Structures are given as C-alpha cells and as structure tokens.
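Asks: after the sequence you'll find the predicted model.
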Amino acid sequence: MKTWVFVVGSVAICLLTSCSSSGGQSSPPTRTSLSSSASPSSGPVPTRSELLADLLQPGDLPSSWRATKHDASDDSSDAADQAADAACLNARNTYSDQLVDVHSPDYDETSGSSITSEATSFRSSADVDSDAKMFADPKASACYMSVARKDAASGLPAGYKLDGVDIKVKPGTNGGPANEVALITGTVTLTAQGVNVVTYDSTVALRGNMTEFSIDFVGVGAPVSAAVQRATVDKVSSRIAHGG
C-alpha cells in the first residue's frame, strides 16, 4: 500500500457494513495547533519493528477506542489510486520504490468512527520528497477528489446513493509538528436506504527518514474530536522524530 494515498472509498464500505449513525451537513473538521517536533534525522532506513513502534499504540487513545486487526480490504485500490493521482499531477509514481509497509491496529468507537495509522519505507529520501511535492500542486485537491469519488461510488448496492465527495489538500505543517507534510480533509455524503449519512475524514501526512506516515481519522456524523486528533498526532510525530 502507498501511505500518502487518500482513499475515501473505504469510508463508503464502512457505511455499507457497520456504520449506522446519521447527520446533516456541517462544517469540515477544524484543524487546531499541534506542538512542534524535531525534523527527521538521517540514518539507516527503519526496520519493520521500528516502524510499528512509531505507529498508534493502545495507550495513545482513550479507553472508548477499541483496537481491532487492520482491515486490509480497504487497501485494495491503493496501487491504482497512486498511479491515477501521479498521472493527474504529472508526478513520478513512487509505488514500486517502497520497501516495507506496516499498519497499526484499527481503532473504532461504537459510533462507527475510526482511527488508523500506517508507515511505508522507501529506497531513498528522494521518493518521499517527490511524494511531498504532490501536495503542493495547485491541482492536488481536484485530482485527489476525482479519484476518491470513483472509489466511494464503487460497489454501492441498491438503496444506497453517493450524494457528494469533497476534499481539501493543505500542504505544510498547518500549525502542527515540524515533520507534518500535509493535512487532507474530506467529507463523504451518502443516502443509505433513505437516511442521510455524512462522514468526515482528516488525514495527517508525516515524514521520517526515508519513510512516509499517515494517521487517518474518520468520524461518522461528526468529525473525530480535535482533542483526540491533536493528542494522537503529537504522540506519533514525537516517536517518529525521536526514533521510537
């Protein structure tokens, strides 16, 4: 899987299988200021165990979040999505340069909201630099949204209708830690058997030494709270910056 691919299609799958909360349209998740963190240090590419140690840990979240094995079915379109994003942005596709890809457990609340994290190591820092530049392209939001709409609409059964997908890509630290590369926010609106359902996705992209990290927050009916997002990103980004 490619870490910095923003896939909203998995949100639609969640709604079809386990998410039943509903909500009306409201404003996208608000980004709050996060504590600063040191830039990634140079050195050998991290091992699989080191990458796993940097990702979300059970103690990082309140007890209301339950850890479950990562659902790899959500990753099935990532190679194609990465290729489509790169083509749309006229950028280099670094998918074949990845070395190790790992996931934390998925963390879920009874509301249907979820938090996931992922890390991918690459052959060189140039791969990470290339991917980071994609976020700064003025066309990034439009390109990501085009791919995400296709993912979200695929596989919808009878009685379900995709009403809208909106994505905003914000490059840079966005008031967050020094190793933050971008913040990507999105909403997906579905009519599920006559009920309007809105999900809110906030993905924080972080970088380490020859590595890409992402933390994905999906809220059903409302964004995952700013306090949970802030605390989670602080903990993961600090481990990345300080090598675990």
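Replies: Everything's here; your move.
Asks: in this structure, what helix or strand scores lowest on average pLDDT?
Replies: helix 9-17 (a mean of 44; mean pLDDT, DSSP states H and E).
Asks: now do the helices in the protein.
Replies: Using DSSP state H, the helices of the chain run over 9-17, 48-54, 78-88, 125-136, 140-153, 226-241.
Asks: what's the mean pLDDT across the shortest one?
Replies: Think helix 48-54. For helix 48-54, mean pLDDT rounds to 96.
Asks: distance between stretch 89-98 and the chain's centre?
Replies: Distance, stretch centre to chain centre, for stretch 89-98: 18 Å (C-alpha atoms, centre = their mean, to the nearest Å).
Asks: what lies in contact with that stretch?
Replies: 2, 79, 82-83, 85-87, 120-124, 127, 130-131, 133-134, 137, 139-140, 143 (C-beta atoms under 8 Å, 6 or more residues apart in numbering). C-beta coordinates here come from the backbone N, C-alpha and C atoms, glycine included.
Asks: C-alpha coordinates for that stretch, PDB please?
Replies: Listed next in PDB are the C-alpha coordinates belonging to stretch 89-98 (Å, rounded to 0.1, in the frame of the first residue of the first chain):
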ATOM      1  CA  LEU A  89      -0.500  15.700 -11.200                       C
ATOM      2  CA  ASN A  90       2.200  14.800 -13.800                       C
ATOM      3  CA  ALA A  91       4.300  13.400 -11.000                       C
ATOM      4  CA  ARG A  92       6.600  10.400 -10.500                       C
ATOM      5  CA  ASN A  93       4.800   7.300  -9.300                       C
ATOM      6  CA  THR A  94       7.000   6.000  -6.400                       C
ATOM      7  CA  TYR A  95       4.800   3.000  -5.600                       C
ATOM      8  CA  SER A  96       7.400   0.500  -6.900                       C
ATOM      9  CA  ASP A  97      10.100   2.000  -4.700                       C
ATOM     10  CA  GLN A  98       8.500   1.100  -1.300                       C
END
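Asks: compare the helices of the chain and give me the one nearest residue 200.
Replies: helix 9-17 (9.2 Å; C-beta to C-beta).
Asks: partner residues bridging residue 67?
Replies: Note on residue 67: beta-bridge partners residue 107, judged by DSSP bridges.
Asks: do I have it right that it meets residue 109?
Replies: No - the criterion here is C-beta atoms under 8 Å, and residue 67 misses it with residue 109 at 11.5 Å.
Asks: that older thread, Produce a PyMOL select command limited to the buried residues of the contacts of stretch 89-98.
Replies: Written as a PyMOL command, the selection of buried residues from these, which uses 16 or more other C-beta atoms under 10 Å, is:
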select buried, resi 2+82+85+86+120+121+122+127+130+131+134+137+140+143
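Asks: just the endpoints, please. Distance across stretch 61-72?
Replies: 22 Å (C-alpha to C-alpha, to the nearest Å).
Asks: what residues sit buried inside it?
Replies: 61, 65, 70-71.
Asks: switch those residues over to CSV; also include distance to residue 194 and pLDDT.
Replies: Formatted as CSV, the buried residues of stretch 61-72 follow (distance: C-beta to C-beta, whole Å; pLDDT from 0 to 100):
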residue, distance to residue 194, pLDDT
61, 33, 95
65, 30, 96
70, 32, 90
71, 27, 79
